[in-house]
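Visitor: I would like the atomic coordinates for the input below:
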Amino acid sequence: MNSELSRKQIISDLIGVGIFMSGERTSFKDHPITPEKAVINAIAIARSDRLILQLLHTWILDHADIIHVEVLKSLMMDMSKVDRAIMAGLLAYTQDRKFEVVIKKAKVSLSDSNHDLDKMMSFAAKIGQVGYDQTFKKFGILVSKLEIEPSKKMIPFEHVIELNPFIKCRYIFGMNWRADIAALMTVNEYSPMQVCKLLRCSYETAHRNMKDLKKAGWPQLTWAKSSQELSF
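Guide: The predicted model follows:
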């Protein structure tokens, strides 16, 4: 996690992808963030907060279809080995083969079984109350078996689609760079260089897609305005 990111910002970003928590939803105009980045940033606090880990687990299982693998692959390169192993465990639960490219090398040694995780993350397993999570164990992480959080912990997704421009545009354009570039264009005016830095795509990808989208009359700024006014 970026050391400058506060827990409050991380929680706001998780609300922005549809996890029902106490706090304010992130402003995508001021803080444009992809779903993958929101989840990856939260791994830092999930190390010591079992509820956060289980909320991430539940969200990924519910919404694996909207995760952009290319974005994920780029971001995971900068994660620590332990955080990458935790992320791999979450992705492996989906059994979606598209994630194989990002989890196949994500593993740490079980010989150092705590990996600076809070001791409460595995306490229930240590006292025999539940078993260890076998999916995470494959990646060298020992935590008590994860559970699915109830649906009331998630914001109804029809609201999330209207509130989160990245998710909205992925349903329109598919899971690709064009969708995320289109999302950025709805919330602010960016140059291709700014877009490639924000999304970590190539300059050519940013320039080409912005050019094509503008030819098609994008962005629909009226949608961007109305989405900011929605509440739940």
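Visitor: alpha carbons only for contacts and neighbour counts from here, please
Guide: OK.
Visitor: Look up phi and psi at Tyr203.
Guide: Backbone torsions for Tyr203, taken as degrees, to the nearest 10, come to phi -60, psi -40.
Visitor: count of neighbours near the closest residue to it other than its chain neighbours?
Guide: Spatial nearest neighbour of Tyr203, chain neighbours left out: Cys196 (5.5 Å); criterion: C-alpha to C-alpha, 6 or more residues apart in numbering. Using other C-alpha atoms under 10 Å, Cys196 has 18 other residues around it.
Visitor: residues in contact with Cys196?
Guide: The contact partners of Cys196, by C-alpha atoms under 8 Å, 6 or more residues apart in numbering, come to Ser202, Tyr203, Thr205, Ala206.
Visitor: The third one falls within a helix, correct?
Guide: Pointing back at Thr205 there. Yes. According to DSSP: H, G, I helix; E, B strand; the rest coil, Thr205 belongs to a helix.
Visitor: Arg84 is in contact with Ile141, correct?
Guide: No. Ile141 is not in contact with Arg84 according to C-alpha atoms under 8 Å; the separation is 10.6 Å.
Visitor: and the two? which has more neighbours close in?
Guide: Ile141 (27 against 24).
Visitor: For Asp133, see how far away that one is.
Guide: Using C-alpha to C-alpha, to the nearest Å, Ile141 is found at 9 Å from Asp133.
Visitor: same deal with Gln9?
Guide: Using C-alpha to C-alpha, Gln9 is found at 29 Å from Asp133.
Visitor: same thing with Ile10?
Guide: Ile10 sits 25 Å away from Asp133, going by C-alpha to C-alpha.
Visitor: who's more crowded, the two?
Guide: Per other C-alpha under 10 Å, whichever of Ile10 and Asp133 has more neighbours is Ile10, with 22 against 18.
Visitor: Could I get the contacts of Cys196 in CSV, plus columns for distance to Glu162, pLDDT and neighbour count?
Guide: Formatted as CSV, those follow (distance: C-alpha to C-alpha, whole Å; pLDDT from 0 to 100; neighbours: other C-alpha atoms under 10 Å):
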residue, distance to Glu162, pLDDT, neighbour count
Ser202, 28, 95, 14
Tyr203, 28, 97, 16
Thr205, 26, 97, 16
Ala206, 24, 97, 24
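Visitor: Specify which member of those is nearest to Glu158.
Guide: Nearest to Glu158 among the contacts of Cys196 is Ala206, at 28.4 Å by C-alpha to C-alpha.
Visitor: Kindly list the main-chain dihedrals of the nearest residue to the closest one once chain neighbours are set aside?
Guide: Excluding its sequence neighbours, the residue lying closest to Ala206 (C-alpha to C-alpha, 6+ apart) is Pro192, at 5.2 Å. Main-chain torsions, Pro192, degrees, to the nearest 10: phi -50, psi -40.
Visitor: burial of Pro192, as a residue count?
Guide: When counting by other C-alpha under 10 Å, one arrives at 20 neighbours for Pro192.
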